[in-house]
Structures are given as structure tokens and as C-alpha cells.
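Trainee: mind folding the following:
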Amino acid sequence: MKTLLFIIQKEFIQVFRNKSMLPIIFVVPIFQLIVLVHAATYEMKHIRLLILDRDHTSVSRELISKFSASPYYIVSQDDFGNAEALSLLEEDRIHAVLEIPTGFEDRLKSREQQKLSLQVNAINGTTGGLVFAQTGAIIGAFGLGKADLDLLPVKPKTIETSYLFWYNEELNYKTFMVPGILVLLVTVISLLLSSMNIVREKEIGTIEQINVTPIKKYQFIIGKLLPFLLLALFELCFGLGIGKLLFNIPMIGNLGLVFGVAVIYIACILGLGLLVSTITNTQQQSMFVSFFLMMIFILMSGLFTAIENMPDWAMIFNRLNPVAYFIRVMRMVLLKGSGIIDIMPEIISLSILAMFSLSVATWRYRKTT
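Mentor: Here you go, the predicted model:
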């Protein structure tokens with residue numbers, strides 16, 4: 001036991017002596033949390049909409065006012081021709097062009113079918129889809145609202161729908177993103193630091209000295225990984241505090257359950273880091289391999305895009321993606337108040353992945369020493 005404590009003490013001293021590593025542990029994650037939560041959002045704001053009003057009536061002006069009053073649109077009006085408007089779209093100077101045709105008000109009064117032309121810049125499919133849906137919703141609501149003003153002779157019968165938003169009543173995107181960003185930060189700390197640790201021993205030549213000592217293999221591995229497990233848990237705790245203070249994210253569920261699952265998840269990531277350190281010889285190689293793994297895991301984890309929208313092969317691959325499981329756990333426990341029974345499939349999957357990664361990393365390390 002004393003041997004293990006001495007190794008852990010050595011690792012903490014080595015970490016805090018490394019001046020380049022301290023900012024990575026304490027400064028970079030918090031900066032990333034604050035910046036990414038604001039930047040990583042699918043909320044459409046500042047939509048540049050060009051309106052070509054060919055009708056010039058009170059009704060067309062009222063429709064234009066609906067967009068002008070919205071905080072999400074930057075509305076401009078002009079008498080451009082279709083070719084000029086299309087040129088602005090091609091130059092990426094506007095997001096969409098809405099053309100109100102001549103006779104718009106007369107057709108509404110006579111209950112004739114009315115068509116509006118909406119051209120959307122969809123070079124970014126996600127942005128184009130959101131612009132189309134949001135603009136279409138405003139136009140649709142405007143059409144129904146005309147019945148209330150007796151502009152139409154007969155008021156159409158509509159279905160009234162009452163909405164109840166659970167778990168995120170204000171539809172605040174930060175509430176959805178903060179738990180996922182916290183997982184990203186814990187992953188960066190766990191994988192990068194653990195993968196570079198043993199490689200650094202190789203570079204400075206101390207790994208040979210350790211290998212000839214009577215230190216048992218399990219003592220060496222536990223002593224190497226346990227400090228980074230504690231550091232990652234500290235980062236998670238600190239990140240949750242920042243998330244509560246700055247973004248007021250709800251913490252409905254049991255925080256003890258969050259940290260319990262975090263231990264399993266971090267053990268899995270540390271196993272991957274240890275495996276990377278056994279197959280690389282320099283810290284530069286280790287960093288490149290770690291970033292390669294992180295990019296795949298994070299982009300396919302459901303943090304930025306829903307897993308359900310991915311192709312079948314990607315959803316099958318995500319069964320081996322620990323980041324996807326932990327993001328799901330964080331959102332379920334913090335936002336929905338899910339209990340251990342609700343997240344049991346994720347716990348089992350993470351446990352299997354953790355045992356596998358640690359076993360393979362330990363076997364690989366024994367083989368190379």
C-alpha cells in the first residue's frame with residue numbers, strides 16, 4: 001500500500017511541476033466551457049432576409065412587419081429583380097429571399113390559393129432547413145391570423161394545441177449543451193494526460209528505471225492512472241459549479257449518481273489513454289493519436305447532432321463509443337432526474353467498455369516492457 005501511495009505522490013508532484021500541463025488542466029477546460037456553450041448552438045439568429053414586395057398593400061406590409069418585429073431576423077426590402085436577388089444568395093450575403101407577388105391581398109380576400117416564393121441559401125443544410133422552417137411557420141401563422149381580422153369571408157376551423165415543454169421549459173439551448181460540453185472536457189483531460197504520461201517517462205528515460213524496480217505492474221498502472229481519475233473528477237465538479245453559476249443549468253437528479261457513473265467512464269477513457277501510450281514513443285505521436293480518437297468519439301457522440309439522424313452503421317458504431325453513453329447519462333440525470341434503473345443500460349455498457357480498455361491496455365503494457 002505504501003508503494004502505491006508513493007507512486008501516486010510522485011505523479012501529483014510531477015503534474016504540478018510541469019508548468020505547461022497546469023493550464024491544460026485548470027484554465028483551458030473552463031475557457032472551453034464558457035466559449036463552446038455560447039458558440040455551439042443551433043438557435044438561428046441574425047437571419048438576413050430580403051423581402052421583395054411586389055404587392056405594396058397593407059396586408060403585405062403587415063406580413064413584413066411580422067419578420068421585422070422578430071429578434072431573429074435582419075430584414076431588408078428592395079425592388080430587386082429575381083436575378084439580382086439570386087446573385088445575393090450566391091454571394092452568401094443573405095440567407096433567404098421572400099417574394100410577395102402582385103395581387104397578394106386580393107387573392108386572400110377572394111379566398112383563392114395564394115403562393116409566396118421563398119428561396120433559401122442551403123449550402124449549409126442544417127441552417128437552410130432551420131431558416132425554411134422558421135420562416136414558413138411565421139407565414140403560416142400570419143395566414144391563419146387573417147381569419148381573426150375578418151379578412152377572409154369564412155373563418156377556417158383549426159385544431160388548438162396546448163404545449164407543455166418538459167425538462168427545459170424555456171427552450172434554453174445552453175441547458176441542453178452544458179452537460180455535453182462537460183463530458184467533452186472530462187474526456188480531454190483524461191485521455192490526453194494519461195496518454196502522454198507514460199510516453200513522457202519513455203522520452204526522459206525513467207521508464208527503464210521503473211521497470212527494474214520491485215514495483216508490481218498493477219501498482220504502477222494504478223499509481224499512474226488514479227491521479228488523473230481524481231483530477232478529472234475535480235474538473236467535473238468544478239465544471240458543474242461553473243455551469244450552475246453562469247448558465248443556471250438544472251441539477252434535478254442525484255449528483256452522487258453522476259459522479260459514480262463518471263468514475264466508470266473516466267476509467268474507460270484512462271484505459272484508452274494507457275493503450276495509446278503503449279503504442280506510441282513520443283508525446284507528439286501520443287497527442288495525434290489521442291486527438292484522432294477524440295474527434296471520432298465526440299463528433300459521433302450526439303453532442304452536436306442527434307444519433308437517431310445518423311446512418312445505421314454509425315448507430316452500430318456508437319455502441320462502442322463511451323462518450324455517447326456518458327453524454328446521455330449526464331443529460332438524463334441532470335435534466336430529467338433519472339434514477340439508476342433508468343440509466344442501467346448505459347452503466348452496463350460503460351462498465352464493459354472500461355473493463356475491456358483497461359484489460360487490453362494492461363496486457364499491451366506488459367508486452368512492451
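
Trainee: now the helices for the stretch 101-250 of the chain?
Mentor: Counting by DSSP state H, counting those that start in this stretch, the segments of the stretch 101-250 of the chain that form helices are 104-109, 125-148, 173-204, 206-211, 217-247.

Trainee: please identify the buried residues of stretch 109-121?
Mentor: Buried residues in stretch 109-121, defined by neighbour count with 16 or more other C-beta atoms under 10 Å: 119-121. Where you see a C-beta, it was placed from the backbone N, CA and C, and this is true even at glycine.

Trainee: start and end of it, how far apart?
Mentor: End-to-end span of stretch 109-121 (C-alpha to C-alpha, to the nearest Å): 32 Å.

Trainee: centre of the chain to that stretch, how far?
Mentor: With C-alpha atoms, centre = their mean, to the nearest Å as the basis, stretch 109-121 stands 37 Å off its chain's centre.

Trainee: hey, which helix or strand in this protein has the poorest pLDDT?
Mentor: helix 206-211 (a mean of 68; mean pLDDT, DSSP states H and E).

Trainee: quick revisit: right, and the helices of the stretch 101-250 of the chain - which one's nearest residue 72?
Mentor: For residue 72, the closest of the helices of the stretch 101-250 of the chain is helix 125-148, at 6.8 Å, according to C-beta to C-beta.

Trainee: for that closest one, list the C-alpha coordinates in PDB.
Mentor: What follows is helix 125-148, C-alpha atoms only, in PDB (Å, rounded to 0.1, in the frame of the first residue of the first chain):
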ATOM      1  CA  GLY A 125     -28.200  22.100 -45.000                       C
ATOM      2  CA  THR A 126     -28.900  22.500 -41.200                       C
ATOM      3  CA  THR A 127     -29.000  26.300 -41.400                       C
ATOM      4  CA  GLY A 128     -31.200  26.200 -44.600                       C
ATOM      5  CA  GLY A 129     -33.600  23.800 -43.000                       C
ATOM      6  CA  LEU A 130     -34.000  25.900 -39.900                       C
ATOM      7  CA  VAL A 131     -34.400  29.100 -41.900                       C
ATOM      8  CA  PHE A 132     -37.100  27.500 -44.000                       C
ATOM      9  CA  ALA A 133     -39.000  26.000 -41.100                       C
ATOM     10  CA  GLN A 134     -38.900  29.200 -39.000                       C
ATOM     11  CA  THR A 135     -39.900  31.500 -41.900                       C
ATOM     12  CA  GLY A 136     -42.600  29.100 -43.000                       C
ATOM     13  CA  ALA A 137     -44.000  29.000 -39.500                       C
ATOM     14  CA  ILE A 138     -44.300  32.800 -39.400                       C
ATOM     15  CA  ILE A 139     -46.000  32.800 -42.800                       C
ATOM     16  CA  GLY A 140     -48.400  30.000 -41.800                       C
ATOM     17  CA  ALA A 141     -49.300  31.800 -38.600                       C
ATOM     18  CA  PHE A 142     -49.900  35.000 -40.500                       C
ATOM     19  CA  GLY A 143     -52.300  33.300 -42.900                       C
ATOM     20  CA  LEU A 144     -54.400  31.800 -40.100                       C
ATOM     21  CA  GLY A 145     -54.400  35.100 -38.300                       C
ATOM     22  CA  LYS A 146     -56.100  36.800 -41.200                       C
ATOM     23  CA  ALA A 147     -59.300  34.900 -40.300                       C
ATOM     24  CA  ASP A 148     -59.400  36.600 -37.000                       C
END
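
Trainee: report the rounded mean pLDDT for it.
Mentor: Regarding helix 125-148, the rounded mean pLDDT is 75.

Trainee: by contact count, what packs against it?
Mentor: Helices and strands touching helix 125-148, by 3 or more C-beta pairs under 8 Å, 6 or more residues apart in numbering; DSSP states H and E, are strand 47-53, helix 58-68, strand 96-100, strand 117-120.
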